[in-house]
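Provide a 3D model corresponding to the input given below.
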Amino acid sequence: MKNTFGNSVAVTLFGESHGEYIGTVIDGLAPGIDIDNDYISHMLTLRRPQGNISTPRKEKDEFKIVSGVLNGKTTGTPITIIIPNENVKSDDYLNIKTVARPSHADYTAECKYHGFQDTRGGGHFSGRITAALVAAGAICKYALEQKEIYIGTHIKRCAGISDREFDNLLSDIKNLNEKTFAVLDEASGEKMQEAIIDAKTDGDSVGGILETAIIGLPAGIGEPWFDTVESLLSHIMFSIPAVKGIEFGAGFSFADMKGSTANDPMKIEDGKIITTTNNNGGINGGITNGMPIIFRTAVKPTPTIFKPQNTIDFSTMTETVSEPKGRHDPAIVHRARVVQDAATAIVMCDILAMRFGTDWLK
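Here you go, the predicted model:
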């Protein structure tokens, strides 16, 4: 099992949903980078369950940095963060060890790990592991903000209800980063939450679309082929549980455009080269062009629902019905947005360090 992402700045995840700890190791960060524990705590808070629209499982996420930081600054050695799992109910999974929950990783995990995998709460495949990813991403995101590079994500659509478009990017991003339910239009957010509760009442779940903006990046970052900005972001985004699609800029809408409308005309404004539109989402030839990077991901409905579903028992090779117990989210799109922010920050730190050297982030 490979658990490490990154080239110059690398992040490793470890732990299981119901194990004693989950955690992360960050390698490659320069010495002297400021570490703000309150900032890490805030991002972890944005990932936590929220009232009736989330799982009843509540974790304090009281992280501990056990290496790589001294007197509030990185030392240049690997940073290790551990987060305890305290609110676990493993008995809920005893009777379904070999019953494949539809659209979960139960069957594929069995095929790969031959029964040795931790099945409690989804084990290493669980969304619980994203807390460690958020902790790592918080360190990267804070370092980027000291360089005036800002990342923000909103729930563009959930249960068929749409949020407004980005407008003033810096203001919108700063506003979103303080919200537990990240929408730009409060009325749309209220309707989304009502739809999530309706799905929960019906024993069902809903999905959504997340839209992320990155501002402040210089032009010229990225590689033209296998390490394009799009490919690296796509790589890490598909590591977030439930993400099943991604598009940059106009994305799939390009298929219905003509070149005359799809192209981004260029001009000089205040001595800076910009484009008058941003259909390409801030990237040309896999390399940043100085415009905001804009991309969207599709997040599927939570696969665990409280309705009977046909499935199989792979230990007996018989058909059966899945009727899950336990504590589950009727939607995860609102919790996944800070995970998307964190993953984005990790990629940005990695490609900036590859372009300018690790000391650039200090």
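
from here on, just use CA atoms for contacts and neighbour counts.
Will do.

could you check how far residue 30 is from residue 143?
Plainly put, residue 30 is 11 Å away from residue 143 if you go by Cα to Cα, to the nearest Å.

scratch that, residue 53
Counting by Cα to Cα - residue 53 and residue 143 are separated by 32 Å.

do residue 301 as well
Applying Cα to Cα to residue 301 and residue 143 gives a distance of 33 Å.

returning to what we had before: what do residue 30 and residue 143 both touch?
Residues touching both residue 30 and residue 143 (Cα atoms under 8 Å, 6 or more residues apart in numbering) are 361, 362.

can you pull out the strands in the stretch 1-150 of the chain?
4-5, 10-15, 21-27, 64-67, 69-70, 73-74, 79-84, 150-158 (DSSP state E, counting those that start in this stretch).

out of these, deepest packed?
Ranked by mean neighbour count, the strands of the stretch 1-150 of the chain are led by strand 150-158 with a mean of 26 (mean count of other Cα atoms under 10 Å).

what residues does the next helix or strand after that strand touch?
Of the helices and strands lying after strand 150-158 in sequence (DSSP states H and E), the nearest is strand 161-162. With contact meaning Cα under 8 Å, 6+ apart, strand 161-162 is reached by 156, 188, 191, 192.

what do you get for stretch 349-356?
Here stretch 349-356 makes contact (Cα under 8 Å, 6+ apart) with 6-10, 140, 144, 221-222, 358-361.

which of these has the most neighbours?
Highest neighbour count within the contacts of stretch 349-356: residue 140, with 26 neighbours (other Cα atoms under 10 Å).

please convert the contacts of stretch 349-356 to CSV, extending it with pLDDT and distance to residue 22.
Formatted as CSV, the contacts of stretch 349-356 follow (pLDDT from 0 to 100; distance: Cα to Cα, whole Å):
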residue, pLDDT, distance to residue 22
6, 97, 19
7, 95, 22
8, 96, 23
9, 97, 20
10, 98, 17
140, 98, 19
144, 98, 25
221, 97, 32
222, 97, 31
358, 90, 27
359, 93, 29
360, 93, 30
361, 91, 27
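
turn the residues you listed into TSV, columns for distance to residue 244.
Formatted as TSV, the contacts of stretch 349-356 follow (distance: Cα to Cα, whole Å):
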residue	distance to residue 244
6	21
7	24
8	27
9	25
10	24
140	25
144	27
221	26
222	24
358	32
359	35
360	33
361	31
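
now, these that are in helices?
Of the positions in those, 140, 144 sit in helices, assigned by DSSP state H.

quick check, nearest of the contacts of stretch 349-356 to residue 274?
The nearest member of the contacts of stretch 349-356 to residue 274, counting by Cα to Cα, is residue 221 at 15.7 Å.

where does this protein dip in pLDDT?
56-57, 87-95, 325-327 (pLDDT under 70).

give me the distance from stretch 293-307 to the chain's centre.
11 Å (Cα atoms, centre = their mean, to the nearest Å).

got the buried residues for that stretch?
In terms of neighbour count (16 or more other Cα atoms under 10 Å), stretch 293-307 has its buried residues at 293-306.

residues in contact with that stretch?
101-104, 203-215, 237, 242-249, 281-283, 323-325, 328-333.

show me where the stretch 151-300 of the chain has strands.
161-162, 208-215, 243-248, 266-269, 272-275, 283-284, 287-288, 293-299.

name the helices or strands packed onto the fourth one?
For strand 266-269, the packing partners by 3 or more Cα pairs under 8 Å, 6 or more residues apart in numbering; DSSP states H and E come out as strand 272-275.

ok, now how distant is residue 301 from residue 332?
7 Å.

hmm, back to that, quick check: which of the strands of the stretch 151-300 of the chain is nearest to residue 317?
Of the strands of the stretch 151-300 of the chain, the one closest to residue 317 (Cα to Cα) turns out to be strand 243-248, at 28.5 Å.

ok, back up a step: need the strands of the stretch 151-300 of the chain in a markdown table (columns: distance to residue 85).
Formatted as a markdown table, these follow (distance: least, Cα to Cα, whole Å):
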| stretch | distance to residue 85 |
| --- | --- |
| strand 161-162 | 34 |
| strand 208-215 | 27 |
| strand 243-248 | 24 |
| strand 266-269 | 51 |
| strand 272-275 | 47 |
| strand 283-284 | 40 |
| strand 287-288 | 39 |
| strand 293-299 | 25 |
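
for residue 16, find the nearest of those strands.
Across the strands of the stretch 151-300 of the chain, closest to residue 16 is strand 243-248 (Cα to Cα), at 19.7 Å.

count of neighbours near residue 131?
26.

so what's the residue count around the closest residue to it other than its chain neighbours?
Nearest residue to residue 131, sequence neighbours excluded (Cα to Cα, 6 or more residues apart in numbering): residue 44, at 6.6 Å. Neighbours of residue 44 under the rule other Cα under 10 Å: 24.
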